[in-house]
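[1] let me see the structure of the following:
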Amino acid sequence: MLYMNPSTMVHDKIERLLKGQTAYAESKELIRLLKREVEKRGISVYIDDTNNGCWFIPKEKKAQ
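    Residues are numbered from 1 along each chain as shown. Next up is the predicted model:
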């Protein structure tokens, strides 16, 4: 089994969000870390908690 460091996974998923892509997390620990990092960086996302995991969906920026 391949083991990935949770902080590396969070970094990769945050980079996806900053590019406007969705990110998915399955483990409770990864979800907790992602929520903390999203709040810390002030990233505007919809968080869709499901029974199987959590989707982080970037909110669209309004055109000025």
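
[2] just the helices in the chain please.
    6-18, 28-41 (DSSP state H).

[3] residue 60 is nearest to which of those?
    helix 6-18 (12.7 Å; Cβ to Cβ). Quick note: C-beta positions are derived from backbone N, CA and C, even for glycine.

[4] okay, the helices of the chain in JSON lines with distance to residue 47 next?
    Below are these laid out as JSON lines (distance: least, Cβ to Cβ, whole Å):
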{"stretch": "helix 6-18", "distance to residue 47": "11"}
{"stretch": "helix 28-41", "distance to residue 47": "7"}
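
[5] make TSV out of these and add mean neighbour count, mean pLDDT and distance to residue 52.
    Compiled in TSV, those are given as follows (neighbours: other Cβ atoms under 10 Å; pLDDT from 0 to 100; distance: least, Cβ to Cβ, whole Å):
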stretch	mean neighbour count	mean pLDDT	distance to residue 52
helix 6-18	15	94	16
helix 28-41	15	96	11
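
[6] is it true that residue 21 touches residue 55?
    No - judged on Cβ atoms under 8 Å, residue 21 makes no contact with residue 55 at a distance of 11.4 Å.

[7] contacts only, for residue 56.
    13, 17, 22, 23, 24, 25, 34, 38, 45, 46, 47, 48 (Cβ atoms under 8 Å, 6 or more residues apart in numbering).

[8] check contacts around the last one.
    If you count contacts by Cβ under 8 Å, 6+ apart, residue 48 has them with 54, 55, 56, 57.

[9] name the nearest residue to the first one, ignoring sequence neighbours.
    Using Cβ to Cβ, 6 or more residues apart in numbering and skipping the chain neighbours, the partner closest in space to residue 54 is residue 31 (4.6 Å).

[10] quick check: the one you found vs residue 42, distance?
    Residue 31 sits at a distance of 18 Å from residue 42 (criterion: Cβ to Cβ, to the nearest Å).

[11] now the end-to-end length of stretch 16-36.
    Stretch 16-36 has an end-to-end distance of 16 Å (criterion: Cα to Cα, to the nearest Å).

[12] neighbouring contacts of it?
    For stretch 16-36, using Cβ under 8 Å, 6+ apart, the contacting residues are 6-7, 9-10, 13-14, 38, 43, 45, 47, 49, 52-58.
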